Structures are given as C-alpha cells and as structure tokens.
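Visitor: Need coordinates for the below:
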Amino acid sequence: MKRTASWVIGFAIVCFIFGIGPAAAQWQPGRNVELIVQAGPGGASDRFARLMQHILTERKLVDASVTVVSKPGGGGALAYNYLNSHPGDGHYLLVATATMLTAHATGASPFNYTDFSPVSVLSTEYTATAVRADSPIKDGKDLLGRLVKNPQGVSIGLSAARGNANHIAIALAAKAVGGDAKQLKIVVFKASQEAVTAVLGGHIEVLASPVSGVLQHVESGKLRALAVNSAQRLKGPFASVPTWKEQGADAVSGNWRGVLGPKGLTDAQAAYWEGVFARMAATPDWKQYLEKTALEDYYLDRRKTGSFLEAEYRNVAAILKEIGLN
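Guide: Down below sits the predicted model:
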C-alpha cells in the first residue's frame with residue numbers, strides 16, 4: 001500500500017515538473033491578457049479589439065483581466081516586435097489584419113504570418129470609398145474618371161500603411177478602368193479616424209476606409225459612400241451603396257481580421273484561445289456587432305487559420321504585383 005502511494009506521489013511530481021497530463025491540457029491565463037493592436041486608438045482595429053475585450057470579460061469567457069494595447073507605427077512592425085518579445089507567452093495576443101501580409105509582400109516589414117502562432121480568423125471587412133457630403137465628386141464612376149485622367153489630381157487618405165487592404169481596394173478599382181494605380185496620390189494616417197477627420201476637414205478629398213470606420217459619418221450625412229469593394233452589396237446600413245463592380249470596375253477584395261499569438265505558443269495555450277474565440281464568435285453580442293458594422297462572419301479555427309494565411313499571402317502578393325505595388 002505504501003509502495004503504491006509512493007509511486008503515485010512520485011509520478012505526480014514528475015508530471016508537475018515536465019508538464020505532463022491534464023494540467024498541460026488545461027492551460028489558462030494566470031494574469032492580465034494584452035490584446036495588441038497595430039493601429040492607433042479610435043481606428044477600426046482598435047474598436048474591433050475593444051469589443052473583443054468587452055465580450056471576453058462581460059461574458060466571463062476568460063478568467064483574467066483583458067486590456068487593449070495600441071502599438072501603431074512601422075506598418076505594424078512595432079506591434080509585431082512587441083508581440084514576439086514575449087515568445088511562448090499566452091498572455092499576449094495580436095489583433096491581426098491583412099496588413100501583416102501586405103506589408104511583408106511589399107517589403108515594408110520583415111514579419112510574416114509564419115513568425116507567429118495561428119489562433120483564429122474572426123471576420124472579413126470590406127473597404128468603403130467615401131467623400132465629404134458636399135464633395136464635387138458625384139459617384140464612383142466620377143472618381144474613377146478623374147483618377148484615370150490625372151492620378152495625382154485627387155488626394156486619397158487611408159490607414160495604416162501603403163499597400164494594405166484599403167490601398168488595394170482603391171488601386172484595383174483605378175486599374176480596372178485603365179488608371180495607373182502606382183501614381184495615385186496616397187496619404188497614410190495612423191488610424192482610420194485620423195483619415196476621417198482629415199477628409200471632413202477638407203485636407204484630403206477621398207477616404208478609403210474599413211466600412212466600420214465610416215459607418216457613423218455616413219449615417220449622419222457628413223460623408224457619402226461612393227462604393228464598396230465587395231462582390232455583392234452589403235447588408236444593413238451600406239445596402240444602398242453600390243459595389244465597384246456595379247460601376248464598371250471589377251475590383252473585389254477583402255480584409256480579414258483575426259488573432260495571432262507570439263512565436264512558440266504551446267499546443268495547450270493555442271487550444272485554450274481557440275476555444276475562447278470560438279465561444280466569443282457564437283455570442284449574440286458578436287453577431288449583433290458584425291451585422292451592425294457590415295462585417296462578414298468568417299470564423300476559422302487555428303489549423304484552418306494557418307492554411308488560410310498561407311493561401312491569402314499568395315493571393316495578396318499576386319494582387320500587389322498586378323497593380324504595381326510589389
């Protein structure tokens with residue numbers, strides 16, 4: 001009996017030391033969790049992260065505090081560096097977008113999806129091209145006509161890096177009607193709200209922004225949405241906004257949003273967060289947010305996320321080369 005008890009105790013000690021057994025499979029955060037955003041406060045990514053923070057804490061999906069940390073700059077490089085300064089630590093997560101892939105494909109950043117641990121993809125968002133309500137630019141066709149005639153004649157604001165999903169959206173549209181996408185007059189801001197402020201103030205003429213970034217200003221009548229780059233018209237508040245395709249430009253692209261961990265997450269850590277975000281994506285709060293902001297529900301688990309990122313990188317690299325930005 002004593003020998004059996006001693007063996008059980010000894011085995012338990014070995015399991016504890018080497019992380020074997022149920023304890024390893026039941027990892028959970030033991031302190032504050034940081035959701036890292038690669039753009040400035042007030043932008044689309046920041047709002048996305050803060051909703052995640054709210055649902056994770058209010059629904060008690062995570063038994064720890066959660067904070068949003070903004071690390072804008074360097075086309076996302078500051079955020080990526082910060083994340084990977086905590087290798088193998090499941091208390092740090094990046095709210096990632098297609099900017100990671102486009103920045104690497106254009107040579108603006110050394111970081112690619114392979115430098116991080118996949119966790120999940122959560123949604124797809126499209127880009128709205130908008131102008132101030134009193135702009136002389138009548139519609140999408142009018143804008144494209146101006147860009148073909150004089151690519152430098154219209155200033156276009158976007159965030160948070162050249163060559164990103166917003167840049168691709170307007171560049172594809174211009175190229176589709178014979179414009180020189182490489183010559184567009186692009187002004188880059190740290191966050192979509194800064195770009196919105198600039199167009200409302202008359203400092204730039206056109207804004208290429210995630211739909212969620214211009215939603216309230218379109219609804220209030222301060223901005224007019226000229227086009228969206230989806231294959232079909234969006235539902236909800238953007239249902240009346242025509243696609244580029246409807247206006248003669250075959251330009252369809254999207255911007256995924258998801259979560260990545262630092263390099264070296266353990267299987268237990270990745271599995272924990274995969275489960276958390278699967279539950280979050282199923283909440284009424286999340287579904288209502290997607291509907292309200294015209295985002296498309298596109299949840300993928302960590303294994304499908306890895307495959308998705310590999311295919312998406314090839315896709316954006318081809319698009320960037322096609323429009324002369326690679």
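
Visitor: now for the host helix or strand of Gly157, which elements pack on it?
Guide: For Gly157, the element it lies in under DSSP states H and E is strand 155-159. When contacts are defined as 3 or more Cβ pairs under 8 Å, 6 or more residues apart in numbering; DSSP states H and E, strand 155-159 packs onto helix 165-176, strand 185-189, helix 192-200, strand 206-210. For glycine as for every other residue, the C-beta is placed from the backbone atoms N, C-alpha and C.

Visitor: What lies in contact with that strand?
Guide: With contacts defined as Cβ atoms under 8 Å, 6 or more residues apart in numbering, strand 155-159 is touched by 39-40, 43, 164, 166-167, 170, 184-192, 194-195, 198-199, 203-209.

Visitor: Show me how far the one helix or strand Gly275 maps to is from its chain's centre.
Guide: Using DSSP H and E, Gly275 sits within helix 267-281. How far helix 267-281 lies from its chain's middle: 18 Å, per Cα atoms, centre = their mean, to the nearest Å.

Visitor: Identify each buried residue in that helix, please.
Guide: Gln269, Ala270, Ala271, Tyr272, Trp273, Glu274, Val276, Phe277, Ala278, Met280, Ala281 (16 or more other Cβ atoms under 10 Å).

Visitor: Which single one of those residues is nearest to Thr97?
Guide: When the buried residues of helix 267-281 are compared for distance to Thr97 (Cβ to Cβ), Phe277 comes out closest, at 15.5 Å.

Visitor: Run a quick check on the closest one versus Val259, I expect a contact.
Guide: Yes. Phe277 lies in contact with Val259 (Cβ atoms under 8 Å); the separation is 6.1 Å.

Visitor: Give me the common contacts of the two.
Guide: In contact with both Phe277 and Val259: Val119, Ser120, Leu122, using Cβ under 8 Å, 6+ apart.

Visitor: May I see the residues you listed arranged in CSV, with distance to Tyr92 and neighbour count as well?
Guide: Shown next, in CSV, are the shared contacts of Phe277 and Val259 (distance: Cβ to Cβ, whole Å; neighbours: other Cβ atoms under 10 Å):
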residue, distance to Tyr92, neighbour count
Val119, 11, 28
Ser120, 15, 26
Leu122, 18, 25
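
Visitor: Need those residues in a markdown table (columns: secondary structure).
Guide: Formatted as a markdown table, the shared contacts of Phe277 and Val259 follow (DSSP: H, G, I helix; E, B strand; the rest coil):
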| residue | secondary structure |
| --- | --- |
| Val119 | strand |
| Ser120 | strand |
| Leu122 | strand |
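
Visitor: hey, C-alpha coordinates of stretch 292-308 in CSV?
Guide: The C-alpha trace of stretch 292-308 is given here as CSV (Å, rounded to 0.1, in the frame of the first residue of the first chain):
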residue,chain,number,x,y,z
LYS,A,292,-24.4,46.5,-37.3
THR,A,293,-21.0,47.2,-38.8
ALA,A,294,-21.5,45.3,-42.1
LEU,A,295,-18.7,42.8,-41.3
GLU,A,296,-18.9,39.2,-42.6
ASP,A,297,-18.8,36.4,-40.1
TYR,A,298,-15.8,34.2,-41.0
TYR,A,299,-14.6,32.2,-38.0
LEU,A,300,-11.8,29.7,-38.6
ASP,A,301,-10.1,27.5,-36.0
ARG,A,302,-6.3,27.6,-35.6
ARG,A,303,-5.5,24.9,-38.1
LYS,A,304,-7.7,26.4,-40.8
THR,A,305,-6.3,29.8,-39.9
GLY,A,306,-2.8,28.6,-40.7
SER,A,307,-3.9,27.2,-44.1
PHE,A,308,-5.9,30.4,-44.8
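
Visitor: which residues make contact with it from outside it?
Guide: Defining contact as Cβ under 8 Å, 6+ apart, one finds that stretch 292-308 is touched by 117-126, 211-212, 215, 234-238, 254, 256-258, 270-271, 273-274, 277-278, 281, 287, 289-290.

Visitor: before we move on, the earlier item: out of the shared contacts of Phe277 and Val259, who's nearest Gly264?
Guide: Nearest to Gly264 among the shared contacts of Phe277 and Val259: Val119, at 13.2 Å, using Cβ to Cβ.

Visitor: For that closest one, which residues are in contact?
Guide: By Cβ under 8 Å, 6+ apart, the contact set of Val119 is Leu93, Gly258, Val259, Leu260, Gly261, Leu265, Ala270, Trp273, Glu274, Phe277, Arg302, Thr305.

Visitor: what about the fifth one, neighbour count?
Guide: Gly261: 26 surrounding residues under other Cβ atoms under 10 Å.

Visitor: Now it: closest residue in space that isn't a chain neighbour?
Guide: Ser117 (3.9 Å; Cβ to Cβ, 6 or more residues apart in numbering).

Visitor: give the contact list for that neighbour.
Guide: Counting by Cβ under 8 Å, 6+ apart, Ser117 has contacts Leu260, Gly261, Pro262, Lys263, Gly264, Leu265, Ala270, Arg302.

Visitor: Next, the buried residues of the lengthiest helix in the chain.
Guide: Longest among the helix segments of the chain by residue count, using DSSP state H, is helix 302-322. By neighbour count with 16+ other Cβ under 10 Å, helix 302-322 contains the buried residues Arg302, Thr305, Phe308, Leu309, Glu312, Tyr313, Val316, Ala317, Ile319, Leu320.
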